[in-house]
Structures are given as structure tokens and as C-alpha cells.
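Colleague: structure of the sequence below:
(one chain, ligands or ions: 2)
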Amino acid sequence: MLEVDHLEVRYGKILAVQDISLQVTQGEIVALIGANGAGKSSIMKAICGIEPVASGQIHYLGEEITGLPSHKIIQRGIVQVPEGRLIFKGLTVRENLLLGGHRTRNRGALEEEITRLLEIFPMLQNRLNDPGSSLSGGQAQMLALARGLMARPKLLLLDEPSLGLAPLVVQDVLELIKSLKKQSFTILLVEQNVRQVLVIADRGYVLEGGRILLEDKAQQLLNHELLVHSYLGI
Ligand SMILES: Nc1ncnc2c1ncn2[C@@H]1O[C@H](COP(=O)(O)OP(=O)(O)OP(=O)(O)O)[C@@H](O)[C@H]1O
Ligand SMILES: [Mg+2]
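Modeller: Numbers count the residues shown, from 1 in each chain. Ligands and ions are numbered 1, 2, ... in the order given. Predicted coordinates for the structure are as follows:
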């Protein structure tokens, strides 16, 4: 579904991502793992057209999308939920959701979409008219995810969805992401909670200094000695 070949991302003289090749198959949850500064967000941003691709190619559903503006990439069904949650605190939960579906003009279709999403995110049901500022961290993350889904993406890019959340809430968010897989979304996921993400992921890539260090099935990565030592702290 997604194929990244020899991707390079630069910030001026800084080579943030080099020679990254990765694939995401329809229906998979694929994890990007790595320390701070490893290049995870840069890869996500390059895929969705927010950062320019210095070299390499990105193909999506068989077509090249390298260098397309981000709105064209969203139109094709790739939606990124960025790091840091970025919900609109002064708007209500419902208004935040409507913004996620702003390209759909038909109000009835939007309302149907909200109804469908509330089945996945029941915790937002009673909060629809509350301001974004009143949500807890976990609820704000659920809203950011739900808002991303309003655009009916085929491929979801999730950048550290559990950042800053309490451990129990992290588990809720990851369970929810796992349940999205059953709803036939395909997911590329950046996570610092290595062990927990590898439990829900199908495959993973371990990055270091902008390069891929390891790639394997999630189960294999969980068992991998290097990963166990450097990230799982055993
Ligand atoms: N806008 C920018 N300008 C300059 N350098 C940047 C910029 N964004 C990222 N970088 C650099 O690129 C490298 C990769 O950053 P990136 O944000 O992709 O890492 P990351 O793996 O997402 O890290 P984190 O886990 O901290 O989110 C880092 O060295 C970072 O300092
Ligand atoms: Mg990042």
C-alpha cells in the first residue's frame, strides 16, 4: 500500500533521514521505533508532504506521491495525526470533529460519520458540547484520533499517540489503535512505548541516527537481543 524507497530528509545541513526504505501492506499496523531524534517524525512528515523529500521516492497504492502537496496526499487517503495532539481547545469536541471532515460538504454525511466514530470512541459521547480545553490528556488524544478518522483515511500515520499519557491510558489508546485495524484501517505508528507497541503491531522498523537498524515481525523484534537491551531495559 505504501512504499518508501531510499528516502532522505534534510533540514539545511542536517541529514535527518538517510536511505530509508520501508513498506506498509494494507491492513497492517507497522511500528517505527527509535530514540529521540532518530528521524521518526521526519519520515512521517515526508510521507504526508509536510517536509520536502531531499531524495528517494514514495509510492502509495501504486502511484508516486513524492513531493505532492499535503492536501493532495490527504485527498488520496493518507492522514497524519501529529505529535502533540493539537486539538483546538477553544472549540467544542463536536467542532473539532467537524474540522477533521471539513472536505465533506454534506452536513448529513458528517453527522453520520460522527455517530459512527462515537461507537469507536464512546468516551467522547457525553463530551460533544464541551470545550477541547476541558478534556484530559487521554480524552484529547482520543479526540485527535477521532478527528483524523473523520477524513475517512485509508492509511493513518500516528506520531506518538500516547506521548505524555499515564501508563493505564497508554494501554487504552493502544487497544483502540489495535481495534482500528479490525475496522480495516492501515496504520504506521511511531511509539516510545516499545514493548506495548510491539504487542499490537504486525511489523516494526528500529531507527537509529536516521537509518534503519533492524526490521522484522513485531514478535521477533520483541525477542531481539539488541532491542531488548537498548530499549526494553532488560
Ligand atoms: N525543523 C527542523 N529543523 C532542523 N532540524 C530538525 C527539524 N526537525 C527535526 N530536526 C532534526 O532532525 C533529526 C530527526 O528529528 P525527528 O523529529 O524526525 O526525530 P524523532 O525520531 O521524531 O524524535 P522524537 O522521538 O524526539 O520525536 C533530529 O536531529 C532533529 O534535531
Ligand atoms: Mg518525533
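
Colleague: which of the residues in the one helix or strand E113 maps to are buried?
Modeller: Assigning secondary structure by DSSP states H and E places E113 in helix 107-120. Neighbour-count burial for helix 107-120, counted by 16 or more other C-beta atoms under 10 Å, picks out 110, 113-114, 117-118. All C-beta spots, glycine's among them, are computed from the backbone N, C-alpha and C.

Colleague: same check, this time on stretch 220-229
Modeller: Neighbour-count burial for stretch 220-229 flags 221-222, 224, 227 (criterion: 16+ other C-beta under 10 Å).

Colleague: okay, that stretch in CSV with CA atoms only?
Modeller: The C-alpha coordinates for stretch 220-229 follow below in CSV (Å, rounded to 0.1, in the frame of the first residue of the first chain):
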residue,chain,number,x,y,z
GLN,A,220,10.7,-11.2,16.5
LEU,A,221,11.7,-7.6,17.5
LEU,A,222,10.3,-8.3,21.0
ASN,A,223,12.7,-11.2,21.2
HIS,A,224,15.6,-9.4,19.6
GLU,A,225,18.5,-9.1,22.0
LEU,A,226,19.7,-5.7,20.8
LEU,A,227,16.3,-4.2,21.1
VAL,A,228,15.8,-5.9,24.4
HIS,A,229,19.0,-4.3,25.7
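
Colleague: what mean pLDDT does that stretch get?
Modeller: Mean pLDDT, computed over stretch 220-229, is 81.

Colleague: rewinding a little: export the buried residues of stretch 220-229 as a markdown table, with columns for distance to D130 and secondary structure.
Modeller: Below are the buried residues of stretch 220-229 laid out as a markdown table (distance: C-beta to C-beta, whole Å; DSSP: H, G, I helix; E, B strand; the rest coil):
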| residue | distance to D130 | secondary structure |
| --- | --- | --- |
| L221 | 40 | helix |
| L222 | 39 | helix |
| H224 | 44 | coil |
| L227 | 41 | helix |
